[in-house]
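Colleague: Any chance you can model this:
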Amino acid sequence: MGLEQLIIRCKKNDTKAQSELYKLFSSTLFSICLKYSRNYAEAQDNLQDAFITVFGKINQYKDKGSFEGWLKRITINTTLQRYRKDKTFQIVNEDHLEDTDVTIDDEDEENIPLQFLLECIQKLPNRYRLVFNLYVLDGYSHKEIGKLLEISDGTSKSNLARARALLKDLVLNYKSTLKSHSI
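Modeller: Reported below is the predicted structural model:
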């Protein structure tokens, strides 16, 4: 059965179709949940909430644009909604900071395991992790991030600068630890 048929059946509340849709997209959407969640368990909760939202709003999907893109946007919005609802997501207004570009040498990038980088991103404070993921990994503009997180563009830029600085520190510490062990 094609995706189009699956969507039509889901719009009719067909539980078998919903189960198939879940199986088809859960791993992709779970990786998004992991990016925006504090830990694995919270990511699982966010995935379930996202699918509840998807099935509740599937009639709003009008076959325009990518269905997967629609699912991803719902997943991101559902995850961000949790932070706003729980009041665990407190944005510090840091308009005075500039969006500095923190870079790491190309030779350093090659030696850093992807898993380590993902763990570093997970360790960022909520406000920094969310802005970093939205901007760097998902390509949102600061204006879009501002609307999603209910912050100013300047606050988004400063949170990104802080996230980059913290990540740079974590990577530099990792690199110095490697160098000290190899001596």
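
Colleague: When you work out contacts or count neighbours from here on, use the C-alpha atoms and nothing else.
Modeller: Will do.

Colleague: Double-check Leu134 against Glu144; I have them as touching.
Modeller: No - Leu134 is not in contact with Glu144 according to CA atoms under 8 Å; the separation is 9.1 Å.

Colleague: Could you check which of those two has the larger neighbour count?
Modeller: The neighbour comparison of Leu134 against Glu144 (other CA atoms under 10 Å) goes to Leu134, with 22 against 17.

Colleague: Give me the below-cutoff pLDDT ranges for the protein.
Modeller: Low-confidence segments of the chain (pLDDT under 70): 85-110, 181-183.

Colleague: would you list every one of the helices in it?
Modeller: Ranges of helices within the chain are 3-11, 15-36, 40-57, 67-86, 106-110, 114-123, 126-132, 142-149, 153-182, based on DSSP state H.

Colleague: Return the most buried member of the ones you listed.
Modeller: Highest mean neighbour count among the helices of the chain (mean count of other CA atoms under 10 Å): helix 126-132, with a mean of 24.

Colleague: next one: that helix to chain centre, how far?
Modeller: Offset of helix 126-132 from its chain centre (CA atoms, centre = their mean, to the nearest Å): 9 Å.

Colleague: same thing with stretch 115-125?
Modeller: 12 Å.

Colleague: With stretch 155-171 instead?
Modeller: 15 Å.

Colleague: Just the residues contacting stretch 38-53, thanks.
Modeller: Around stretch 38-53, the neighbours that count as contacts under CA atoms under 8 Å, 6 or more residues apart in numbering are 22, 26, 29-30, 33-34, 36-37, 74-75, 78-79, 122-123, 126.

Colleague: how about that stretch as PDB, C-alpha atoms only?
Modeller: Once non-C-alpha atoms are left out, stretch 38-53 reads as follows in PDB (Å, rounded to 0.1, in the frame of the first residue of the first chain):
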ATOM      1  CA  ARG A  38      16.900  16.300  27.400                       C
ATOM      2  CA  ASN A  39      17.200  12.500  27.500                       C
ATOM      3  CA  TYR A  40      16.000   9.200  25.900                       C
ATOM      4  CA  ALA A  41      12.900   8.800  28.000                       C
ATOM      5  CA  GLU A  42      11.700  12.300  27.300                       C
ATOM      6  CA  ALA A  43      12.300  11.800  23.600                       C
ATOM      7  CA  GLN A  44      10.100   8.700  23.800                       C
ATOM      8  CA  ASP A  45       7.300  10.700  25.500                       C
ATOM      9  CA  ASN A  46       7.700  13.500  22.900                       C
ATOM     10  CA  LEU A  47       7.400  10.900  20.000                       C
ATOM     11  CA  GLN A  48       4.200   9.600  21.400                       C
ATOM     12  CA  ASP A  49       2.800  13.100  21.900                       C
ATOM     13  CA  ALA A  50       3.800  13.900  18.300                       C
ATOM     14  CA  PHE A  51       2.000  10.900  16.900                       C
ATOM     15  CA  ILE A  52      -1.100  11.800  18.900                       C
ATOM     16  CA  THR A  53      -1.000  15.300  17.400                       C
END
